[in-house]
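Chemist: Need the 3D shape of this:
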Amino acid sequence: MGVEKMLFLKECRNVCCSLVYVLFLGLVFLHWHENFYGVTEKEIQASKRDVGSTYAESPNGSLLAEPKKNAQSYGMKNKEIPEKIMCGGTNLLIIEYLNNSYASYPFSYYKEVVLDEEGQAEILEILCEITGLSEKQIRDLPDEYFPSVNGNIINHSSVKQDENGKAVIEMGKDADTRNEKDHTKQFISQVSYERFIELMAKAEQLIGKSSGYSMESLRQYYGLDEMTYEEAEEEYDKTIYDDKVSAAFARLYCDYMSRPLGLYPVFAAVLFWLKDRRNRMKELIDCRQIGTVKFVFTRFLALLAAAMLPVVLLSFESLLPLMEYSADTGIAVDGFAFIKYILWWLLPTAMIVTSLGMFLTIFTSAPAAVLVQLVWWFLDSSAVGLSGDTRLYTLMIRHNMLNGSELIRRDFAVICLNRGLFLLLSLLLAGLSAVVYSRKRAGRDPFHAG
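Modeler: Numbers count the residues shown, from 1 in each chain. This next block holds a predicted model:
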């Protein structure tokens, strides 16, 4: 047992003292700092003020603040309201059609899509069918045709200036509450909701799958409704009692950290095996009579431990304020939530990325794994939604919100299958790495049996 431990510690030291690992630490720290640093402290501070206090991660106020009766607002909830979704989707499509500039997000990065004349004509047909207007009418809409605030769209005609010159948004009335019912002066859909869904699918096909016209995107941005006091109280109870506070932050932390772990570990795996080849470590390992399986799995575990170490340590930036919050308020906090989520959420991702990089490098004696992992990372990033979209082969599980624990419970069976599959695949790849490496050490061709 002492030999195995010494070998493991030696490999950990070699990994952690390398330049590539220092770069790995820098990239992980930068990603964490840009996305998650300070989130917990801001939520705790916001909970000490009124429910209406806001900041970027929680636009409706802190989820740690207990709702008060007769408050002005309890925030928003996702709800599929056909009228609002049709109004918001049409509003956005008209804006982008008039500019011939459509927002698309392939691989989660912004890309402007400009359509040719044929594409623009097809978009115009969709708009004419939905609104019942002509092209001339669409290009010269009345100022109040759409609500002043329409989902994530603020129509500029609603922005006025007060006596101090400060911009003020006139909220106005929603399309369904105005007395006038003339669809040429205010938006009233001329198609059914089912037909609208078909037309949005056609627009999405013309612009791109990563545009804002999928029903998932339309529901997220325009399918919102005001929460009631009872619903806000239910959400608060979920956070305090079901999640024991810390689970909510652990989910968001794992969401952000899944992206660097879905890519960066492959660089360390590739470079360390290539470095051995350059430095003729094969002969040194042979003379020391180190068993191949032992050596391969020890290095695999060392690479994995090095990848997970900063993830565990950075979680304390969130956990420690939560423990202090628990001591101040008497609200129970699960002190093991972060480590539990890290182990079942992030560890399988790091394992499959490390083992794949190790196997392909040993097998090809080339850095092919970097290209393979980059492609997989980009495809997975573009195919998976930000929350509640886990599939069997999802590399990076996403849950980009503090609440929404019901989405995890809903998909829990798929998540378990997904994580279990990657766990088994990573062990299989590590085993195959040992087999291929053994054959190469013996001077045999890894492509042929015998």
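
Chemist: okay, now residue 328: neighbour count?
Modeler: Neighbourhood size, residue 328 [other Cβ atoms under 10 Å]: 10. Where you see a C-beta, it was placed from the backbone N, CA and C, and this is true even at glycine.

Chemist: Just confirm it is within a strand.
Modeler: No - read with DSSP: H, G, I helix; E, B strand; the rest coil, residue 328 is helix and lies in no strand.

Chemist: Tell me the spacing between it and residue 72.
Modeler: With distances taken as Cβ to Cβ, to the nearest Å, residue 328 is found 27 Å from residue 72.

Chemist: Please apply the same query to residue 13.
Modeler: The value you get for residue 13 to residue 72, if Cβ to Cβ is used, is 58 Å.

Chemist: after the helix or strand of the chain with the lowest mean pLDDT comes which helix or strand?
Modeler: The helix or strand of the chain with the lowest confidence, counting by mean pLDDT, DSSP states H and E, is strand 167-169 at a mean of 44. Using DSSP states H and E, the next helix or strand after strand 167-169 towards the C-terminus is helix 193-207.

Chemist: Give the buried residues for the lengthiest helix in the chain.
Modeler: Across the chain, the longest stretch assigned as helix under DSSP state H is helix 412-441. The neighbour-count check on helix 412-441 (16 or more other Cβ atoms under 10 Å) flags 415, 418-419, 422, 426, 429-440 as buried.

Chemist: ditto for stretch 213-223
Modeler: Using 16+ other Cβ under 10 Å as the test for burial, stretch 213-223 gives 213, 214, 215, 217, 218, 219, 220, 221, 222, 223.

Chemist: Got the domain ranges for the chain?
Modeler: By the assignment in automatic domain parsing, the chain contains the domains 2-35+243-441, 82-226.

Chemist: Rebuild those as TSV, extending it with distance to residue 41.
Modeler: Below are the domains of the chain laid out as TSV (distance: least, Cβ to Cβ, whole Å):
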stretch	distance to residue 41
domain 2-35+243-441	5
domain 82-226	27
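
Chemist: Give me whichever of the ones you listed is most buried.
Modeler: domain 2-35+243-441 (a mean of 18; mean count of other Cβ atoms under 10 Å).

Chemist: sorry, back to before: looking at the buried residues of stretch 213-223, spot the one nearest residue 96.
Modeler: For these, the residue nearest residue 96 by Cβ to Cβ is residue 213; the value is 9.5 Å.

Chemist: pLDDT averaged over the helix or strand where residue 408 lies - what is it?
Modeler: Per DSSP H and E, residue 408 falls inside helix 405-410. Across helix 405-410, pLDDT averages out at 87.

Chemist: contact partners of stretch 361-372?
Modeler: 266-267, 269-271, 273-274, 277, 356-360, 433, 436-437, 440, 446 (Cβ atoms under 8 Å, 6 or more residues apart in numbering).

Chemist: Just say helix, strand or coil for the residue lying closest to residue 110 once chain neighbours are set aside.
Modeler: Using Cβ to Cβ, 6 or more residues apart in numbering and skipping the chain neighbours, the partner closest in space to residue 110 is residue 103 (6.6 Å). Classification of residue 103 using three-state DSSP returns strand.

Chemist: okay, residue 103: pLDDT?
Modeler: 90.

Chemist: Roughly how far does it sit from residue 224?
Modeler: 19 Å.

Chemist: was I right about residue 264 contacting residue 30?
Modeler: No - Residue 264 is beyond contact range of residue 30, at 11.0 Å (criterion: Cβ atoms under 8 Å).

Chemist: List phi and psi for residue 78.
Modeler: phi -80, psi 130 (degrees, to the nearest 10).

Chemist: Bridge partners for it, pull those for me.
Modeler: Under the criterion DSSP bridges, residue 78 forms beta bridges with residue 224.

Chemist: pretty sure it contacts residue 223?
Modeler: Yes - counting by Cβ under 8 Å, residue 223 is a contact partner of residue 78 at 5.8 Å.

Chemist: all helices for the stretch 251-400 of the chain, in order.
Modeler: 265-278, 281-287, 292-314, 316-329, 337-341, 347-364, 368-383 (DSSP state H, counting those that start in this stretch).

Chemist: Name the SS class of residue 401, please.
Modeler: Taking three-state DSSP, the label given to residue 401 is coil.

Chemist: picking up where we left off before, closest to residue 62 out of the domains of the chain?
Modeler: Using Cβ to Cβ, the domains of the chain put domain 2-35+243-441 closest to residue 62, at 9.3 Å.

Chemist: Return the distance of that closest one from the chain's centre.
Modeler: Its chain's average C-alpha position is 17 Å from that of domain 2-35+243-441, according to Cα atoms, centre = their mean, to the nearest Å.

Chemist: again, but for stretch 85-92
Modeler: The mean C-alpha position of stretch 85-92 is separated from the chain mean by 25 Å, Cα atoms, centre = their mean.

Chemist: Make residue 1 into 10 and carry on from there
Modeler: Happy to do that; since the first residue is 10 now, the last one works out to stretch 94-101.

Chemist: Now do that stretch, average pLDDT.
Modeler: 92.

Chemist: With stretch 13-29 instead?
Modeler: The model assigns stretch 13-29 a mean pLDDT of 87.

Chemist: Same question for stretch 351-367.
Modeler: 97.

Chemist: And stretch 140-159, by the same measure?
Modeler: 89.

Chemist: I'd guessed residue 383 sits against residue 272; true?
Modeler: Yes - with contact defined as Cβ under 8 Å, residue 383 counts as touching residue 272 (7.1 Å).

Chemist: shaky segments in the stretch 160-309 of the chain?
Modeler: Where the stretch 160-309 of the chain drops to pLDDT under 70, the residues are 160-161, 165-190, 286-299.

Chemist: pretty sure residue 152 is in a helix, no?
Modeler: No - read with three-state DSSP, residue 152 is coil and lies in no helix.
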